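> sequence and predicted structure below; questions after.
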Amino acid sequence: MTDIAQEMPWLGGAWSAVQQRLAQDRLPHALLIVGERGVGKREWAQAVGGLLLCSSPAKLGAGTVVACGHCKQCELMAAGSHPDLRVYAPEKSRMVKVDQIRALSSFAVASPQVAHHKVVIVDRADQLNINAANALLKTLEEPLPDVTLLLLQESGRPVLPTIRSRCQALTIPLPSAEQAGRWLADKVSELEDGSQPGTDVLAKSLLLAGNAPRLALEYVMGDFLTLRDSAFDAFRKFMKGQVPVGEAAKAFKALGLEDTLWLFEGWAVDLARAGVGGEVTDPDAADMLGYLAQTNPPWRAHELLERVKESRSAAVYNASPELEASQLLIAWRDLMPRKRQAS
Ligand SMILES: [Zn+2]
């Protein structure tokens, strides 16, 4: 029996919003949860799903109700195999497809198998292709009493207004740096393989993840930091004319498309910040971005951000990270004074 708001306090606002609506028996059939990448939207949705499926929810203090943790439903949830909970997510970092939404629709109209309710999580609602969005609209327009839809949206990535208008929206804020740091240190101390990453690794992960705790944990556990360092090195060398574009772009291949676009987006945001005298979040890139901000008008940063957006929508068509990185690198090099560019 765990309270998600105890484990991840920054989820507390959106969690108590659900608690209140449940207590008043007014939980809407569709909720849209908005939050940064890696802030914990999925954990929040799993907790709400677990609560809705549990057959004997337990009351904690202050009116909070949580899944009991030991009924049949909770056991199935813990095993990750509850037949009345379905998660639809993009495959290989691309889009949620119409076939998935068709499966969702059939699931929504079928009777629950073992619980009295069904829960559908769409992670992420901002990655629905147009046909999938239209198919989802039908399910949203004909609410069924025994289904709750939890749509997850990454901040800054639009969801079609027709979808948004049929959901109640809740926002999950980022935790403070201190809260995120404490949570990350706790998680890391629970690692059982004896690998204890240093505090510098934790700090850098938090910084690059913008204090989104789940994302920072992913960085600590995976090889993102290493891949990112060599990608940044290639980027810097290319800007100085030391390596050709094809070679620089290769360094982005192992990151995959999503992370490649994520990095270029972060650098462009930092460039925009530096342009108005703000502080950049990526300390490694600070010198280079500071220099570019001094030698270019501010709109160049926004142009680069637009390019990332374009690449992201083109990602539907299976673009390769190397190809996208080449195009973005060339756009960035246009910011260098002519004499510094490689021919
Ligand atoms: Zn239970």
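Good, I have the coordinates. Here the structure is a predicted model, which means the values were calculated and not measured.
> out of everything not next to it in sequence, what's closest to C167?
Distance criterion Cβ to Cβ, 6 or more residues apart in numbering; nearest residue to C167, sequence neighbours excluded, is L32 at 3.8 Å. No exception for glycine: its C-beta is placed from N, CA and C like everyone else's.
> what's the next secondary structure element after the helix or strand hosting that neighbour?
For L32, the host element (DSSP states H and E) is strand 30-35. Remark: after strand 30-35, the chain's next helix or strand is helix 41-53, criterion DSSP H and E.
> so what are the sheet partners of whatever helix or strand comes next after that following helix and their directions?
Helices and strands here follow DSSP H and E; after helix 41-53, the next one along the chain is strand 58-59. Take DSSP bridges as the rule and strand 58-59 pairs in its sheet with strand 65-66 (antiparallel).
> okay, whatever helix or strand comes next after the strand it pairs with in PDB with CA atoms only?
Downstream of strand 65-66, the first helix or strand assigned by DSSP H and E is helix 72-78. Output of helix 72-78 as PDB, limited to C-alpha atoms (Å, rounded to 0.1, in the frame of the first residue of the first chain):
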ATOM      1  CA  LYS A  72      -6.300  -9.900  -6.800                       C
ATOM      2  CA  GLN A  73      -6.500  -6.800  -8.900                       C
ATOM      3  CA  CYS A  74      -3.500  -5.200  -7.100                       C
ATOM      4  CA  GLU A  75      -1.500  -8.400  -7.600                       C
ATOM      5  CA  LEU A  76      -2.200  -8.400 -11.300                       C
ATOM      6  CA  MET A  77      -1.200  -4.700 -11.400                       C
ATOM      7  CA  ALA A  78       2.100  -5.400  -9.600                       C
END
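> which non-adjacent residue is nearest the residue in the stretch 201-343 of the chain that the ion sits nearest to?
Of all residues in the stretch 201-343 of the chain, R214 sits closest to the ion, at 24.4 Å by Cβ to the ion. Leaving aside its chain neighbours, R214 sits nearest to G38 (4.2 Å; criterion: Cβ to Cβ, 6+ apart).
> what does the top helix by length along the chain rub up against?
Longest helix in the chain by number of residues (criterion: DSSP state H): helix 256-275. Residues outside helix 256-275 that contact it (Cβ atoms under 8 Å, 6 or more residues apart in numbering): 37, 93, 208, 224, 227-228, 231-232, 235, 252, 255, 279-282, 285-286, 289-290, 292-293, 296, 298, 300-302, 304-305, 307-308, 311-312, 315, 319-321, 324-325, 328, 332.
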